[in-house]
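S.K.: quick check, what structure comes out for this input:
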Amino acid sequence: MPSRWTTRPIHLFGGGSQVENFRETSTIYPVRVIRRSSRPVPLEAGPSIEPPSCFAFEGREIDTAGFLAEMETTGLLVLKDDRLVFERYWLGYDETTQAASWSVGKSFVSALVGVAIDEGAIGSIEDDVARYAPELRGGAYDGVRLKDVLQMSSGAKWNEDYSDPDSDINRWLRLFEEGGSIDAFAASSVRGCDPGTLCRYNTTDTHVLGMVVRGATGRSLTEYLREKLWDSLGAEADAFWVVDSTGVELAGGGLNATLRDYARLGVLYLNGGVWNGRRIVSEDWVRASVTPDAPHVMPSPGSSGYGLQWWVPDLSGAYTAIGVYNQFVWVDPRTHTVIAKTSAFRRYAADLQPQSYRVADHFALFRAIADGA
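M.R.: Sure, this is the predicted structure:
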């Protein structure tokens with residue numbers, strides 16, 4: 001770590017362009033590099049397709065090209081039957097760009113939890129998270145099950161309203177940019193409700209998962225991801241993880257990689273935890289990760305359900321990782337399709353209206369692509 005903490009705030013959610021910031025994150029913040037696989041495996045090419053020229057959303061026909069441009073899409077990739085059938089980039093990005101994933105990285109952290117359970121480093125999702133991260137004792141996470149944290153149901157008091165400058169997520173961002181410890185921030189959390197009763201999206205919940213993985217395995221997230229996922233999945237390119245002033249990875253949103261390598265996680269889960277005939281994570285973990293199993297995490301009209309750090313839009317079988325500014329890894333088992341997308345939609349979370357997130361119309365586009373593929 002540098003002796004003096006020097007970062008350049010990128011002023012998220014202020015309505016400005018983020019295209020360059022999301023491409024040049026490693027020049028803005030300190031990072032830990034995740035080296036590409038020692039046995040890189042290119043994605044196999046399949047018959048080329050084109051996305052549909054338009055798609056239906058809320059009774060209207062939306063022009064696909066116009067929508068992708070409005071969302072400031074920087075990359076879109078489609079795999080059908082595990083083969084790459086569409087890949088295109090815009091706004092200066094290409095297949096080598098290490099693009100910000102934001103909360104798409106949460107699903108990678110969940111996979112690491114699953115691997116640690118498979119290997120016995122973590123006993124069970126019923127365990128108290130403070131068993132593996134004792135610095136959490138005495139705070140909101142003391143006595144909370146790992147499962148509740150995975151389901152964004154920790155009970156910690158939290159406000160993830162990006163448009164509110166005084167929200168907890170914006171306090172979190174300011175603390176990071178000023179050089180504070182995110183571990184200490186998590187440990188200082190206070191209880192807001194009973195754990196396991198309310199699904200309240202909370203980026204600190206995922207940071208706690210990172211603390212658990214580090215405590216259980218004795219490895220940094222960078223090291224563990226490289227060994228257990230990146231190398232095994234044949235990742236073609238280096239990736240990196242943004243770290244705080246203490247050198248700890250931002251588990252909730254600091255992973256940056258190429259679009260092709262993001263898509264590998266979708267293929268892994270689509271195939272029940274198996275990659276090229278080799279099991280990486282258990283089938284039981286994959287199934288649990290994408291299956292809401294309690295009333296407070298079930299999907300409802302106008303609201304997605306939640307698994308173990310994966311969003312479940314409805315009960316049709318599709319599930320997705322989602323990051324702010326419209327990053328996605330969408331998995332549709334019905335059509336055996338994986339779609340990965342990076343974006344820099346500058347009006348994301350400009351106000352409190354759900355329309356400012358533009359997630360539902362992305363779901364409609366992805367379904368149209370999957371059905372057409």
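S.K.: please list all residues in contact with residue 5.
M.R.: Counting by C-beta atoms under 8 Å, 6 or more residues apart in numbering, residue 5 touches 178, 179, 245. The way it works is simple: take the backbone N, C-alpha and C, and place the C-beta from them, glycine included.
S.K.: could you rerun that using 6 Å?
M.R.: Residue 5 makes contact with 179, 245, according to C-beta atoms under 6 Å, 6 or more residues apart in numbering.
S.K.: what comes up buried for the helix or strand hosting residue 184?
M.R.: If you go by DSSP states H and E, residue 184 is part of helix 182-187. Buried residues in helix 182-187, counted by 16 or more other C-beta atoms under 10 Å: 182, 183, 185, 186, 187.
S.K.: swap in stretch 61-78?
M.R.: For stretch 61-78, the neighbour count (16+ other C-beta under 10 Å) marks 62, 64, 67, 68, 71, 72, 73, 74, 75, 76, 77, 78 as buried.
S.K.: turn the buried residues of helix 182-187 into JSON lines, including distance to residue 16 and pLDDT.
M.R.: Output for these, formatted as JSON lines (distance: C-beta to C-beta, whole Å; pLDDT from 0 to 100):
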{"residue": "182", "distance to residue 16": "24", "pLDDT": "98"}
{"residue": "183", "distance to residue 16": "30", "pLDDT": "98"}
{"residue": "185", "distance to residue 16": "26", "pLDDT": "97"}
{"residue": "186", "distance to residue 16": "29", "pLDDT": "98"}
{"residue": "187", "distance to residue 16": "33", "pLDDT": "98"}
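S.K.: out of the buried residues of stretch 61-78, which are inside strands?
M.R.: Judged by DSSP state E, the buried residues of stretch 61-78 include 62, 73, 74, 75, 76, 77, 78 as members of strands.
S.K.: now stretch 330-342: average pLDDT?
M.R.: Mean pLDDT, stretch 330-342: 98.
S.K.: how long is that stretch end to end?
M.R.: End-to-end distance of stretch 330-342 (C-alpha to C-alpha, to the nearest Å): 12 Å.
S.K.: list the buried residues of it.
M.R.: In terms of neighbour count (16+ other C-beta under 10 Å), stretch 330-342 has its buried residues at 330, 331, 332, 333, 335, 336, 337, 338, 339, 340, 341, 342.
S.K.: also stretch 23-41?
M.R.: When neighbours are counted by 16+ other C-beta under 10 Å, the buried residues of stretch 23-41 are found to be 23, 25, 28, 29, 30, 31, 32, 34, 36, 37.
S.K.: circling back to that earlier point, looking at the buried residues of helix 182-187, spot the one nearest residue 208.
M.R.: In terms of C-beta to C-beta, no member of the buried residues of helix 182-187 lies closer to residue 208 than residue 186, at 5.4 Å.
S.K.: so that closest one sits against residue 208, correct?
M.R.: Yes: contact status for residue 186 versus residue 208: in contact at 5.4 Å, counting by C-beta atoms under 6 Å.
S.K.: any chance of the buried residues of stretch 330-342 in CSV, with distance to residue 237 too?
M.R.: Shown next, in CSV, are the buried residues of stretch 330-342 (distance: C-beta to C-beta, whole Å):
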residue, distance to residue 237
330, 21
331, 21
332, 25
333, 27
335, 27
336, 25
337, 23
338, 18
339, 19
340, 14
341, 17
342, 14
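S.K.: now, those residues that are in helices?
M.R.: Per DSSP state H, helices hold no members of these.
S.K.: just the residues you listed now: which is nearest residue 266?
M.R.: Looking across those and measuring by C-beta to C-beta, the closest to residue 266 is residue 338, at 3.7 Å.
S.K.: who does the closest one bridge with?
M.R.: residue 79, residue 331 (DSSP bridges).
S.K.: that one and residue 79, how far apart?
M.R.: 4 Å (C-beta to C-beta, to the nearest Å).
S.K.: quickly list what's touching both of those two.
M.R.: Common contacts of residue 338 and residue 79 (C-beta under 6 Å, 6+ apart): residue 263.
S.K.: can you count the residues close to the closest residue to residue 134 other than its chain neighbours?
M.R.: Residue nearest to residue 134 in three dimensions, not counting chain neighbours: residue 215, with 7.6 Å by C-beta to C-beta, 6 or more residues apart in numbering. When counting by other C-beta atoms under 10 Å, one arrives at 19 neighbours for residue 215.
S.K.: can you name the next helix or strand after the helix or strand hosting residue 215?
M.R.: Following DSSP H and E, one finds residue 215 within helix 203-217. Once the chain leaves helix 203-217, the next helix or strand it forms, by DSSP H and E, is helix 221-225.
S.K.: so which bits of that next one are buried?
M.R.: Quick answer for helix 221-225 (16+ other C-beta under 10 Å): 221, 222, 224, 225.
S.K.: who's in contact with residue 69?
M.R.: Residue 69 neighbours (C-beta under 6 Å, 6+ apart): none.
S.K.: for residue 27, see how far away it is.
M.R.: As judged by C-beta to C-beta, residue 69 and residue 27 stand 26 Å apart.
S.K.: ditto for residue 337
M.R.: Look at residue 337 and residue 27: by C-beta to C-beta, they are 34 Å apart.
S.K.: and for residue 71?
M.R.: In terms of C-beta to C-beta, residue 71 sits 24 Å off from residue 27.
S.K.: for residue 328, same thing?
M.R.: For residue 328, the distance to residue 27 - C-beta to C-beta - is 25 Å.
S.K.: what about the residue lying closest to residue 246 once chain neighbours are set aside, how many residues nearby?
M.R.: For residue 246, ignoring the flanking residues on the chain, the nearest one in space by C-beta to C-beta, 6+ apart is residue 181 at 5.0 Å. Neighbour count of residue 181, defined by other C-beta under 10 Å: 16.
S.K.: equivalent analysis for residue 138, please.
M.R.: Residues within reach of residue 138, counting by other C-beta under 10 Å, total 11.
S.K.: that one belongs to a helix?
M.R.: No: with DSSP: H, G, I helix; E, B strand; the rest coil as the criterion, residue 138 is located in coil rather than a helix.
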